[in-house]
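In: Here is my input; please provide its structure:
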Amino acid sequence: MGRALSVAVLLILAAACAPSQPQTSAGAPATKSMSAAAQQGQQLLAQKGCGGCHTVPGVAGATGNIGPSLAGVASRTTIAGGAVANNGPADLQRWILDPPAVKPGTQMPKIGLTDQEAQQIVAYLETLQ
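Out: All right, here's what the predicted structure looks like:
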């Protein structure tokens, strides 16, 4: 009985001392492993109201369904319904900065982001594999 208790105590201590993993929502990257730019982009997505139209993993309250879910956006070959044929960081930034210029008639508005803000949002979106 004493040995079983000792083993149980050791297992509890080992579990308590193990490094914890950051908790994230499904499909969201762990904040600790993201760059500072990506972390700022994650915050900007919440601040700028992007979640009103898009579901964005890792952004609290971002459960919109007017636009497409941004889960896995970094893995897509095209964006904007195919209007942007190459989904690379520069093309994604161009789309985010001025959607109507890229795809006339789109419902996605130009929200007045700075180049730096768009780069930070792209940095976060690039983590969404």
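
In: May I ask which helix or strand encompasses residue 46?
Out: Element membership for residue 46 (DSSP states H and E) is helix 36-47.

In: what's the following helix or strand past that helix in contact with?
Out: Sequence order places helix 89-97 as the next helix or strand after helix 36-47, per DSSP H and E. Residues outside helix 89-97 that contact it (C-beta atoms under 8 Å, 6 or more residues apart in numbering): 73, 79-80, 83-84, 102-103, 110, 113, 115, 118-119, 121-122, 125-126. (Each C-beta comes from the backbone N, C-alpha and C, glycine too.)

In: Kindly format the C-alpha coordinates of the helix holding residue 46 as CSV.
Out: Taking Å, rounded to 0.1, in the frame of the first residue of the first chain, the C-alpha atoms of helix 36-47 are listed here in CSV:
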residue,chain,number,x,y,z
ALA,A,36,5.0,40.0,-32.1
ALA,A,37,3.6,41.1,-35.4
ALA,A,38,1.2,38.1,-35.5
GLN,A,39,0.1,38.8,-32.0
GLN,A,40,-0.6,42.4,-32.9
GLY,A,41,-2.5,41.2,-36.0
GLN,A,42,-4.6,38.9,-33.8
GLN,A,43,-5.5,41.9,-31.6
LEU,A,44,-6.2,44.1,-34.7
LEU,A,45,-8.6,41.5,-36.1
ALA,A,46,-10.7,41.9,-32.9
GLN,A,47,-10.3,45.7,-32.7
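
In: which parts of stretch 37-55 are buried?
Out: Of the residues in stretch 37-55, 37-42, 44-45, 50-51, 53-55 count as buried by neighbour count, 16 or more other C-beta atoms under 10 Å.
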